[in-house]
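Participant: please work out how this folds:
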Amino acid sequence: METTRGSLYLIPTRLGDNPPLEVLPISIKKIIEDIDYYIVENEKTARRFIKRISQSKSQPSLKIQVLNKYTTEDERNTFLDPCLQGISIGLLSEAGCPAIADPGADIVAMAHNTSIKVIPLVGPSSIILALMGSGMNGQSFTFNGYLPIEKSERKSKLKSLEKLSAEQNQAQIFIETPYRNMKMLEDLISVLQPNTRVCVACDLTLPTEFIRTMPANDWKQCKEDLHKRPAIFIIQKN
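Facilitator: A predicted model of the protein is given here:
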């Protein structure tokens with residue numbers, strides 16, 4: 001008789017160090033209390049998050065597989081084996097929603113390829129929250145991930161995204177390493193047309209949350225310090 005397969009639960013986490021159940025539904029607590037097998041980016045922070053959600057959860061009972069840039073293909077290919085034995089697994093991101101700008105997407109693809117049920121759970125996505133708060137086009141948008149680091153390549157990419165935004169009436173979303181946020185804002189001001197709208201959304205869901213949309217030229221007057229604050233950038237030229 002064939003064993004009923006376990007499911008892969010996509011479990012969202014916090015975007016910052018605030019109490020988890022301030023931003024996550026109580027249903028997340030029940031799922032975490034029921035699951036002992038996890039795929040995570042960082043074991044230490046995952047264990048800390050699980051303990052914050054459920055203090056009574058037995059830490060020694062947790063079976064954790066780490067998925068990061070050092071994980072080999074052979075290791076990754078075994079991560080869903082418990083599901084084949086009827087055991088459900090939780091996939092945790094470091095921040096926000098698993099598989100969105102996150103290596104967990106590969107695990108979700110593997111689950112579909114092996115007929116394992118995928119169950120995404122409700123939680124904060126910095127990309128969606130930023131778009132919601134931007135006032136830009138929520139009907140048509142593109143997430144571009146990280147832009148090139150090299151200055152001339154980055155400026156060329158920004159001009160290309162601005163042109164595409166105007167042609168498609170489309171919001172263009174991207175991210176930057178937090179310690180380069182101010183440099184990114186400088187490039188946006190210098191490269192984009194003065195009336196192209198720019199949204200910066202940082203520290204989303206935290207007490208220090210900052211979301212502002214205004215023309216690129218107006219950002220010259222902004223004194224907000226974005227250094228080392230997780231941020232989403234959105235541009236749109238109408």
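Participant: for residue 194, what are its contacts?
Facilitator: Shown in contact with residue 194 (Cβ atoms under 8 Å, 6 or more residues apart in numbering): 215-217. In short, each C-beta sits where N, CA and C put it, glycine included.
Participant: torsion angles phi and psi at residue 199?
Facilitator: Here is the backbone geometry of residue 199 (degrees, to the nearest 10): phi -110, psi 130.
Participant: quick check: it touching residue 216?
Facilitator: No: using Cβ atoms under 8 Å, residue 199 makes no contact with residue 216, being 10.8 Å away.
Participant: joint contacts of those two?
Facilitator: Joint contacts of residue 199 and residue 216 (Cβ under 8 Å, 6+ apart) are residue 235.
Participant: please name every helix or strand in contact with the lowest-mean-pLDDT helix or strand in the chain.
Facilitator: Every helix and strand in the chain was compared by mean pLDDT, DSSP states H and E; the lowest is helix 20-23, with a mean of 91. Counting contacts by 3 or more Cβ pairs under 8 Å, 6 or more residues apart in numbering; DSSP states H and E, helix 20-23 packs against helix 27-34, helix 43-53.
Participant: please indicate which of the contacts of residue 194 are buried?
Facilitator: 215-216 (16 or more other Cβ atoms under 10 Å).
Participant: out of the helices and strands packed on helix 20-23, which is closest to residue 116?
Facilitator: helix 27-34 (16.1 Å; Cβ to Cβ).
Participant: how far does stretch 118-131 sit from the chain's center?
Facilitator: On the basis of Cα atoms, centre = their mean, to the nearest Å, stretch 118-131 sits 8 Å off its chain's mean C-alpha point.
Participant: low pLDDT regions in the chain?
Facilitator: Along the chain, the parts satisfying pLDDT under 70 run over 1-2.
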